[in-house]
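Novice: what follows is a predicted structure for the sequence shown.
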Amino acid sequence: MSDHPTGIKRWLFTTNHKDIGTMYLWFAFTMLFVGGAMAMVIRAELFEPGMQVVNPNFFNMMTTLHGLIMVFGAIMPAMVGFANWQVPLMIGAPDMALPRMNNWSFWILPFAAIMLVAPMFMGGDFMDGQGPAFGWTFYEPLSGQYDKLAFFIFAVHLLGFSSIMGAINIIATILNMRAPGMTLMKMPLFVWTWLITAFLLIAVMPVLAGVVTMMLTDKYFGTSFFDAAGGGDPVLFQHVFWFFGHPEVYIMILPAFGIVSQIIPTFARKPLFGYASMVYATAAIAFLSFIVWAHHMFTVGMPAAGELYFMYATVMIAVPTAVKVFNWTATMWKGSMTFEVPMLWAIAFVFLFTIGGFTGLMLGVVPVDFQYHDTYFVVAHFHYVLVTGALFAIIGGVYYWMPKWTGNMFDITLAKWHFWVSTISVNILFFPQHFLGLAGMPRRIPDYALQFAEFNQISSIGAFIFGGTQLLFLYIIIKCIKGGDKVSDEVWEDAKGLEWEVPSPAPYHTHVTPPTVK
């Protein structure tokens with residue numbers, strides 16, 4: 001093998017952080033379409049009452065795999081892709097601290113994804129739904145009935161290995177490889193959010209590994225961790241799972257906060273308002289995420305004292321989150337704003353993520369949650385957080401950094417079409433689901449009562465438009481990679497024909513003089 005392999009060898013053996021970041025992003029994009037296709041099946045089935053497209057077991061398999069693929073295959077790898085690309089560049093490091101491990105942590109992912117979906121194609125009729133059909137949270141004892149559970153557990157272990165190795169690499173890089181003079185409190189916010197996220201990953205991924213190993217021994221080695229007949233407790237599964245699952249939610253959203261905190265100061269032509277408070281708020285959210293897990297479990301029969309504690313702890317998370325939203329708004333306030341494509345996505349993020357935050361606050365209040373639990377209100381809530389939150393930030397980040405990565409400017413007209421159609425359709429898709437949930441429609445069902453038909457139809461139409469629009473995104477990216485207007489070193493300096501003189505480390509430092517127009 002030569003020093004600089006080409007073709008397939010370049011990608012198989014690369015230790016270059018940019019190549020690995022690119023592979024993570026393409027893998028995530030591929031998984032977005034796989035998981036999105038599953039969502040289209042779900043919405044097609046729910047377009048009208050009655051069973052018309054797939055059978056109930058296949059429907060359950062689609063909901064299970066859609067959730068798992070979007071979380072572990074799309075959102076998380078995309079965020080790691082950004083980290084690989086941007087963290088070394090932002091801290092002045094030549095590469096990641098552990099480049100070979102970096103390569104390994106990526107190449108585990110495609111095999112994990114294959115392990116996850118392989119049982120779909122094993123034995124029996126494909127449309128019977130041979131894959132996992134127990135919900136993305138794989139609650140025991142239901143998941144213990146699944147005959148190909150070992151495939152699923154092995155896939156989860158591989159995903160965990162990949163995440164832990166990526167996190168170790170990011171921490172080692174940030175703590176050991178910053179350029180001289182770059183203290184922690186001078187790091188870009190994106191680097192800070194990833195440093196904190198990496199610690200979260202290392203803390204909770206072993207918990208996930210533990211709970212799936214307990215499932216494995218229950219299924220194949222005669223233990224009874226979750227089997228009441230053998231003295232176990234099914235609710236124990238929920239406690240251990242959500243002790244992983246709640247910090248996991250913040251693992252997906254904290255890097256999104258970081259991306260938005262890079263984009264908004266750039267197009268407001270102002271340094272980020274309240275840099276230090278943003279760092280402390282991020283750390284506070286990460287800490288609190290560990291002590292609120294049972295708010296997913298208010299209906300299991302917890303003692304009132306437990307419910308009260310988890311309610312108060314949950315509502316407390318709203319405080320550091322509100323600090324962030326306030327700081328983004330204050331950054332834009334009286335700024336010389338231009339509405340470039342990345343800025344549109346960032347502003348949409350702030351608005352729509354805040355809606356998701358408010359509905360989360362509603363779900364955190366115990367008596368209210370008793371009404372909403374396991375209804376479509378919960379589905380609407382977490383999709384506002386993960387689609388108009390995490391995914392919108394990812395798309396905004398791609399538009400923000402893609403000219404830097406490729407040297408070419410994307411087609412701005414098409415990108416604006418992509419933004420507006422996506423933003424309108426995503427609200428047509430998820431907003432009606434709040435009303436469905438308030439009216440009592442349960443989640444994870446393939447059929448429903450007639451009174452829910454109209455909102456489901458509206459929701460499905462939004463889904464098909466939103467899904468189709470992402471094909472336009474793919475076209476914009478490929479077109480940009482292949483060519484386009486060449487960009488300058490300072491990609492966004494000349495927005496709207498104005499030349500801005502921004503002091504060199506601008507959106508990154510705490511104290512900078514405001515930019516001046518030439």
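Specialist: Cool, the structure landed.

Novice: contacting residues for Phe241?
Specialist: Residues in contact with Phe241 (Cβ atoms under 8 Å, 6 or more residues apart in numbering) are 137-139, 208, 211. In short, each C-beta sits where N, CA and C put it, glycine included.

Novice: which SSE is it in?
Specialist: For Phe241, the host element (DSSP states H and E) is helix 234-268.

Novice: show me what counts as buried in whichever helix or strand comes after that helix.
Specialist: Counting by DSSP H and E, the element after helix 234-268 in chain order, helix or strand, is helix 275-288. Taking 16 or more other Cβ atoms under 10 Å as the basis for neighbour counts, the residues of helix 275-288 that come out buried are 275, 277-279, 281-286, 288.

Novice: what about the strands in the chain?
Specialist: Ranges of strands within the chain are 500-501, 516-517, based on DSSP state E.

Novice: of the ones you listed, which shows the lowest average pLDDT?
Specialist: Least confident of those, judged by mean pLDDT, is strand 500-501 with a mean of 40.

Novice: in the helix holding Phe241, what counts as buried?
Specialist: Counting neighbours by 16+ other Cβ under 10 Å, one finds that the buried residues in helix 234-268 are 234-235, 237-238, 240-268.

Novice: please apply the same query to stretch 412-419.
Specialist: Going by neighbour count (16+ other Cβ under 10 Å), the buried part of stretch 412-419 is 414-415, 418-419.

Novice: and which of these is nearest to Ala74?
Specialist: Ranking the buried residues of stretch 412-419 by separation from Ala74, with Cβ to Cβ as the measure, puts His418 on top at 17.3 Å.

Novice: could you measure from the closest one over to Gly462?
Specialist: His418 sits 16 Å away from Gly462 when distances are taken as Cβ to Cβ, to the nearest Å.

Novice: give me the buried positions along stretch 316-329.
Specialist: Neighbour-count burial for stretch 316-329, counted by 16+ other Cβ under 10 Å, picks out 317-318, 320-321, 323-325, 327-328.

Novice: an error on my part: the question was meant for stretch 444-453.
Specialist: Using 16+ other Cβ under 10 Å as the test for burial, stretch 444-453 gives 445-446, 448, 452.

Novice: okay, those in JSON lines with pLDDT and distance to Phe377 next?
Specialist: JSON lines is the format used below for those (pLDDT from 0 to 100; distance: Cβ to Cβ, whole Å):
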{"residue": "Ile445", "pLDDT": "94", "distance to Phe377": "14"}
{"residue": "Pro446", "pLDDT": "95", "distance to Phe377": "19"}
{"residue": "Tyr448", "pLDDT": "95", "distance to Phe377": "14"}
{"residue": "Phe452", "pLDDT": "97", "distance to Phe377": "13"}
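
Novice: and which of these is nearest to Phe121?
Specialist: Nearest to Phe121, judged by Cβ to Cβ, of these is Pro446 at 21.2 Å.

Novice: dihedrals phi and psi, the closest one?
Specialist: Torsion angles at Pro446 (phi, psi; degrees, to the nearest 10) stand at phi -90, psi -10.

Novice: just give the nearest non-adjacent residue to it, would you?
Specialist: Leaving aside its sequence neighbours, Pro446 sits nearest to Phe59 (Cβ to Cβ, 6 or more residues apart in numbering; 3.8 Å).

Novice: could you measure that neighbour against Tyr139, distance?
Specialist: 17 Å.
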